[in-house]
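>>> Sharing a model that was predicted from the sequence below.
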Amino acid sequence: MSILVYIEHSEGKVKKTSLEAVAFAKALTSQTGEGDVVAVALGSISDDELAAVGGAGAAKVLHAADSRLDAGVIQAHASAVAQAFQKEGSKTLVLAKSSLGDAVAARLAIKLEAGLVSNVVELPKTDGDYMVKRSIYTGKAFAETKVTTENKILAVKKNAIDLKLTDAKAQVESLEVSLADSDFASKITSTERATGEVLLPEADIVVSGGRGLKGPENWGMLEEMAKTLGAATGCSKPVSDIGWRPHHEHVGQTGVKVAPSLYIAVGISGAIQHLAGVNSSKCIVVINKDPEAPFFKAADYGIVGDAFDIIPKLTKALKAEL
Amino acid sequence: MKILVCITHVPDTTSKIQFTADNTKFDTTGVQFIIGPYDDYALARAVELRDQTGGKLTVINVGEAETEPTLRKALAIGADEAIRVNSNPKDSFFVAKQIAHYAKEGNYDLILMGRESIDFNGGMVHGMVGELLNMPSFSPVMKLEIEGNVVKMAREIEGGKELVEASLPLIAGCQEPIAEWKIPNMRGIMSARTKPLTVVEVVADETQAAVTGYQLPPAKGSVKLIDKDNVEELVKLLKNEAKVL
């Protein structure tokens, strides 16, 4: 028996959130006695990169290298993961919440007759009823969820567990999956993705700007600070609505929900809809010239002042320290 | 074309979230309920598609009688008829089973809903309905155009988007900027009163992962303010106190 983990990769690298899911599953096996953690990876990726998933706690990685799986075709991925689950005789599937992961998990819940819990924030309680804590109301509350099915799927939120990687290597085995043409009925015709940058939903540090920055031409100083910190850049809804920044950078209730270690908000007043997207951050810094900005109430640290004065100075101080 | 849009009845995004009955019930005191913001995008796009191609637009909600004003609002925005499955929505699986049943009965070409409800944020119902009906499902979809039988969509992925093509029938979980939210006009509000709203019964009373209790996050301590002329202090605090650098 084993816990199966569906891992995603991008540009030849296993995603960090997927490694967190492996570490989460590893901690869960030591609690439930479900044996080893087995990861399943789909599409083209090197054996070396997959073996390194052992560092997060996987004993084995099943690799279905079929290049048709390089694209995230939802039905095909769901079908392949279901086959791996059945082959392993697993009862529990763990995965990281993501655009593709969520879509695949929902279909798997039906295929595997598995109770599915999303936005899982900590290890389930498994002595007695199977109780899973998840984030709800866009981070404003938590729900205890009782899973009553034999098979279970847990879609884990970022930072649900501390990831500590070792040098351990997983055994990589090839996985044969049988996929029908109907699994590929939809076609991904092109992909536009910011490359070489830190992706916002997965970033450990996020630097966001609001209307207080006065115009898109002023994003350079934020980007420089983000680069210094190895951070992703985000923005408030008004900023993406007026087109200063692309939609995929909009952080908030109806945009990207982030859960970084550090969130720095510059010139954002802190409307409740924006706070909903950032309230899972470990530490929040707010820089705003209005001392009455509601964001200060949700912040750990704050500076009242002009962003155009503070940001260059802060970037300089960060460069000196890092 | 027959379009089905699934509507959630959720607290307004500015609501203060509180619980009662020993943290087992959501406290509705002073809370205004709205159409889920993502569902509102799905509905807006569905109205546009119905107006372009003709056909019928049905909205469905799984909820008790208190959700009817929300369904009436969807009718005022432009839906032709509404279905309410008469039950508290117990979990994603339960809701998906109801929707799959009535969707199959209605033989819809296109099923739209929000990418997730803003109360439980599961984002699972579209995929579950897709699997139950053996239809492709896509989410989060930020653009959807229909050319003949081909549906061209943009699906948001981390840091960008992918363009996807599929054929009808299909299911999509929607988000901005798929369409602009529509505000009901007076004519819409008047006509909504007489459009059909059918109440139907639960078809499969099964749950897999129901909520048993709630918790609020621990209260945030007060903000530590740093002088604007001493940004080095902030860097030190982030490094040594918060330990996030």
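That came through fine. Values in this document were obtained by computation on a predicted structure and should not be read as measured data.
>>> just for chain B, where's the confidence low?
Low-confidence regions of chain B, defined by pLDDT under 70, are absent; no residue qualifies.
>>> Spatially central residue for it, please.
Nearest to the mean C-alpha position of chain B, counting by C-alpha atoms, centre = their mean, stands B:Gly114 at 3.4 Å.
>>> Pass me the low-pLDDT residue ranges in chain A, would you?
Across chain A, residues meeting the criterion (pLDDT under 70) sit at A:195-196.
>>> Please work out the residue of it nearest to chain B and name it.
Across chain A, no residue is closer to chain B than A:Ala106, which sits at 2.5 Å (C-beta to the nearest C-beta). Heads up, the C-betas are built off the backbone N, CA and C, glycines and all.
>>> separation between that residue and B:Ser92?
Spatial separation of A:Ala106 from B:Ser92 under the definition C-beta to C-beta, to the nearest Å is 8 Å.
>>> Now do the phi/psi pair for the residue of chain A closest to chain B.
Geometry field for A:Ala106 lists phi and psi as phi -60, psi -40, criterion degrees, to the nearest 10.
>>> Would you quantify the distance from it to B:Val164?
Here the distance between A:Ala106 and B:Val164 works out to 16 Å (C-beta to C-beta).
>>> So for these two, which residue has more residues nearby?
Legend: neighbour count by other C-beta atoms under 10 Å in any protein chain shown for A:Ala106 and B:Val164, higher for A:Ala106 (31 against 27).
>>> hmm, back to that, what sits against the residue of chain A closest to chain B?
Applying C-beta atoms under 8 Å, 6 or more residues apart in numbering or on different chains, one finds that A:Ala106 lies in contact with A:116, B:92, B:123-128, B:130-131, B:137.
>>> Just put those in TSV and tack on distance to B:Gly30.
Shown next, in TSV, are the contacts of A:Ala106 (distance: C-beta to C-beta, whole Å):
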residue	distance to B:Gly30
A:Leu116	32
B:Ser92	27
B:Gly123	27
B:Met124	29
B:Val125	28
B:His126	31
B:Gly127	34
B:Met128	33
B:Gly130	37
B:Glu131	39
B:Ser137	36
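>>> Show me those residues that map onto strands.
With DSSP state E as the criterion, strands contain A:116, B:137 from among the contacts of A:Ala106.
>>> From the contacts of A:Ala106, list the buried ones, please.
Buried residues within the contacts of A:Ala106, counting neighbours by 16 or more other C-beta atoms under 10 Å in any protein chain shown: A:116, B:92, B:123-128, B:130-131, B:137.
>>> Give the closest residue to B:Asp12 in space, chain neighbours not counted.
For B:Asp12, ignoring the flanking residues on the chain, the nearest one in space by C-beta to C-beta, 6 or more residues apart in numbering or on different chains is B:Gln32 at 4.5 Å.
>>> now B:Pro140
The spatial neighbour of B:Pro140 that comes closest, neighbours along the chain excluded (C-beta to C-beta, 6+ apart), is B:Arg115 at 3.9 Å.
>>> burial count for B:Thr212?
Using other C-beta under 10 Å as the criterion, B:Thr212 is surrounded by 12 other residues.
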